[in-house]
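Colleague: quick one, what's the 3D model for this:
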Amino acid sequence: MSVESKKTCKARCGNLKLFLVSLAFVYFSKAFGGSYMKSSITQIERRFDIPSSLIGVIDGSFEMGNLLVIAFVSYFGAKLHRPRLIGIGCVIMAAGSYLTALPHFFQGLYKYETSVSHSTSINNTDSILPCLSNHSLAEADKMPDLEAMTACEKAAGSSLWIYVFLGNMLRGIGETPIMPLGVSYLDDFSREENTPFYLACIHTVGIIGPMFGFMLGSYLAKIYVDIGSVDLDSVTINHMDSRWVGAWWLGFIVTGTVILLSSIPFFFLPKSLPKQGQEESQSKGTELAITAEQENFLQDEIQDQEEKPLTFQELAKDFIPSLRRLFKNSIYTMMILTYLVSVNGFIGLITFKPKFMEQVYGQSASKAIFLIGIMNLPAVALGIITGGFVLKRFKLGVIGAARVSVTASVGSLCLFFIQIFIYCDKAEVAGLTVSYQGDSQVSYNQQTMISQCNMACSCSVKHWDPVCAQNGITYASPCLAGCQTSTGIGKEMTFHNCTCTGGKMMTPGMNMSAVLGQCPRRSNCDYNFKIYMALSVLGSFISACGGTPGYIVLLRSIQQDLKSLALGMQTLIVRTLGSIPPPIYFGALIDRTCLKWGTKHCGGRGACRLYDADAFRLLWMVVLFDGGCPCSGPAVRLAYYSQFLESFLS
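Modeller: The predicted structure is shown next:
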């Protein structure tokens, strides 16, 4: 082989390797940005004082943006310069991330809900009297001012969540070409036996992105939203409080910059490459039978074909016939139904899992996000690479890949089923989950917030400024705890002579004080939470083992010329019906389990502060059995695989 042929071969091999590395980095960066968005859901909900149902709409805007262009990008993009389109998509994603962070610079300083004035002035020695400071607030509870509430909704800054909605939608538009064009480009120019391993490597690198995204989200959730703009000593809440808002905006600037950097290599890659392995066979044939002039002639002819322009009419005339051919493939149709069930539950689970861990197991939002990032996601990464390794090591065909996938689905379903029975006792909040005498609460309404011990205080039942008493019960505010006096300033404030904390048996000298913040859960909760996390991690690993085999089944069940279109239509349908609705309707259902809504400064309803943990857990059962992670009804998968085997063997 001539020196020039060797250089050409190395250049082409290098281009494929460069594309593989670049695509892996893009998978990392887009997953980094997407997972950070998921980890910031709670912070965004609290910052804009919006319900979970509206958060679901914001979260679903990513798929809405994807939906707008996915079909056309998948079909026309396959006939155009695929690497360049991927690079343009990354630039659009970066712009969406920057747009998402923009509201922070338009909003004023965050003012969290509180029922008393927490002064940090050293010169202020006056004791706050909670029980005597809320007469006007009680009147506001009885006669809500509708005009004030309407003005509250129209106040400056209250609708800035629209920027987050549009930014997330822009991210969805930019992400569109990455998966269908990137995977089809790689599959077209790599050896058939290497494709599973390459895909496993890409997805494994990609799964590292969520790890970094959730860890960044966990870190920033502990940093106050207005860091650098306020005196942190004046902030009387910490990251364990349901009113706390972290520096959510800073993470979108970081993720946008990473995504922007990942776009650079794709602008320097060629439109097409020779099939991997053909370089060696062509070089050997050249030494035996083909002259150097013939080889150069063939290369020039190929280059001319690549540079021949295609008109829009030529690209569009086969679109409808191609769709018809695609959906006549019964295997492909059943695969779409399988993914639809799976993604439906998975999106609901990953969106609200930090909130579930916070409400059911008493974990802070920061810790919940961190544990998902360092435990669940590495297990998923290991499962994906394990699935790809099994296919390559045992040289499994399509039927073998199908068996591995359905086995992983059934195994993960069993583990997720066990998780339902591992939970902690609900938080004890007087008037909401327990009575003021410490008995389990049966019904929840505003009347239960008032008791004989605090009736003389004329307390507001709207505000949420929790205090923890020595009896281990949380009270919604110092006034509702019946506290008469207070000492200390800022976070160190302590309330004394709290008449509601004595319970049924009040004795002289009993400590009737309370401190700021909710009470921690009982000690056995930590043990139950560890069991839950162990089952969750193991289930994530087993489920992920079936990911790569299932993807290979999809790729091998469609025709070569329909591959990009098939992947694009799969993404279009699954995201339309399986990704957009779940955050919305799961969020609406979660809102129905709220026991205590927050209150905006002008009287409107804010974000939820406390949920009914038992009702939340029952709702979580629906999420798991609706396809979470992805225990998507084994009956659906078995029906698909039985039809697949029948069609394949015939």
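Colleague: list the residues that contact the residue lying closest to T487 once chain neighbours are set aside.
Modeller: Leaving aside its sequence neighbours, T487 sits nearest to T494 (CB to CB, 6 or more residues apart in numbering; 5.4 Å). Placement of C-beta: from N, CA and C, glycine included. T494 sits next to 486-488, 513-515 when contact means CB atoms under 8 Å, 6 or more residues apart in numbering.
Colleague: so where's the stretch 501-650 of the chain uncertain?
Modeller: 503-511, 601-603, 623-650 (pLDDT under 70).
Colleague: strands of that one, residue ranges please.
Modeller: Assigned by DSSP state E, counting those that start in this stretch, the strands in the stretch 501-650 of the chain fall at 514-516, 594-599, 605-611.
Colleague: the stretch 351-500 of the chain now?
Modeller: According to DSSP E, counting those that start in this stretch, the strands that the stretch 351-500 of the chain contains are 467-469, 474-475, 485-487, 494-496.
Colleague: now the stretch 1-150 of the chain
Modeller: Going by DSSP E, counting those that start in this stretch, the stretch 1-150 of the chain shows no strands.
Colleague: pLDDT below threshold where in it?
Modeller: In the predicted model, the stretch 1-150 of the chain carries pLDDT under 70 at residues 1-14, 78, 115-128, 132-150.
Colleague: can you do 80?
Modeller: Filtered on pLDDT under 80, the stretch 1-150 of the chain yields the residue ranges 1-16, 67, 70-80, 113-150.
Colleague: neighbour-wise, which one of the contacts of T494 leads?
Modeller: Highest neighbour count within those, by other CB atoms under 10 Å: A514, with 30 neighbours.
Colleague: I'd say that residue and C483 touch.
Modeller: Yes. Counting by CB atoms under 8 Å, A514 touches C483, with 6.1 Å between them.
Colleague: show me where the stretch 551-650 of the chain has helices.
Modeller: Using DSSP state H, counting those that start in this stretch, the helices of the stretch 551-650 of the chain run over 563-574, 581-591, 613-625, 634-649.
Colleague: still on that earlier bit, out of the contacts of T494, which comes closest to Q452?
Modeller: A514 (18.0 Å; CB to CB).
Colleague: now do the closest one against T114, distance only.
Modeller: 15 Å (CB to CB, to the nearest Å).
Colleague: over to T487?
Modeller: 18 Å.
Colleague: what's the answer for V245, then?
Modeller: For V245, the distance to T114 - CB to CB - is 14 Å.
Colleague: compare these two (neighbour count), which wins?
Modeller: Neighbour comparison, V245 and T114: the larger count goes to V245, with 23 against 15 (by other CB under 10 Å).
Colleague: can you pull the contacts of the more buried one?
Modeller: 43, 46-47, 110, 112, 224-225 are the contacts of V245 under CB under 8 Å, 6+ apart.
Colleague: can you do 10 Å?
Modeller: 42-48, 110, 112, 221, 224-226, 237, 239, 365, 607 (CB atoms under 10 Å, 6 or more residues apart in numbering).
Colleague: can I get the buried part of these as one PyMOL selection?
Modeller: Of the contacts of V245, the buried ones go into a single PyMOL selection, burial set by 16 or more other CB atoms under 10 Å:
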select buried, resi 42+43+44+45+46+47+48+110+112+221+224+225+226+237+239+365+607
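Colleague: could I get the strands of the stretch 501-650 of the chain as CSV with distance to S477?
Modeller: Shown next, in CSV, are these (distance: least, CB to CB, whole Å):
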stretch, distance to S477
strand 514-516, 10
strand 594-599, 11
strand 605-611, 11
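Colleague: nearest to K79 among those would be which one?
Modeller: Nearest of these (CB to CB): strand 605-611, 47.3 Å.
Colleague: by contact count, what packs against that closest one?
Modeller: helix 41-47, helix 52-77, helix 146-154, helix 330-361, helix 581-591, strand 594-599 (3 or more CB pairs under 10 Å, 6 or more residues apart in numbering; DSSP states H and E).
Colleague: how far off centre is that strand?
Modeller: Its chain's C-alpha centre and that of strand 605-611 lie 20 Å apart, by CA atoms, centre = their mean, to the nearest Å.
Colleague: got the angle between it and helix 52-77?
Modeller: 100 degrees (axes from the mean of the first three to the mean of the last three CA atoms, to 10 degrees).
Colleague: show me how far stretch 571-579 is from its chain's centre.
Modeller: Per CA atoms, centre = their mean, the centroid offset for stretch 571-579 relative to its chain is 16 Å.
Colleague: buried ones in that stretch, by neighbour count?
Modeller: Quick answer for stretch 571-579 (16+ other CB under 10 Å): 571-576, 578-579.
Colleague: ok, residues contacting it?
Modeller: So stretch 571-579 is contacted by 59-60, 62-71, 73-74, 172, 175-176, 179-180, 333, 336-348, 627, 632 (CB under 10 Å, 6+ apart).
Colleague: let's go with 6 Å and repeat that
Modeller: Under the criterion CB atoms under 6 Å, 6 or more residues apart in numbering, residues 63, 66-67, 70-71, 336, 339-340, 343-344, 347 lie in contact with stretch 571-579.
Colleague: next, the distance between the ends of it.
Modeller: 10 Å (CA to CA, to the nearest Å).
Colleague: can you count the residues close to K79?
Modeller: 12.
Colleague: follow-up on the earlier one: now, of the strands of the stretch 351-500 of the chain, which is deepest in the fold?
Modeller: Mean neighbour counts were compared across the strands of the stretch 351-500 of the chain using mean count of other CB atoms under 10 Å; the top stretch is strand 474-475, at a mean of 26.
Colleague: name the element the nearest residue to F389 once chain neighbours are set aside belongs to?
Modeller: Of all residues not flanking F389 in the chain, A200 sits nearest, at 7.1 Å (CB to CB, 6+ apart). Element membership of A200, judged by DSSP states H and E, is helix 195-221.
Colleague: could you identify the helix or strand that succeeds that helix?
Modeller: helix 248-262.
Colleague: what's that following helix packed up against?
Modeller: Judged by 3 or more CB pairs under 6 Å, 6 or more residues apart in numbering; DSSP states H and E, helix 248-262 is in contact with helix 3-39, helix 82-101, helix 195-221.
Colleague: not counting its own residues, what contacts that helix?
Modeller: 25-26, 29, 32-33, 36, 40, 43-44, 90, 93-94, 97-98, 100-101, 104, 216, 220.
Colleague: go with 7 Å
Modeller: 25-26, 29-30, 32-33, 36, 40, 43-44, 47, 90-91, 93-94, 97-98, 100-101, 104, 216-217, 220, 225 (CB atoms under 7 Å, 6 or more residues apart in numbering).
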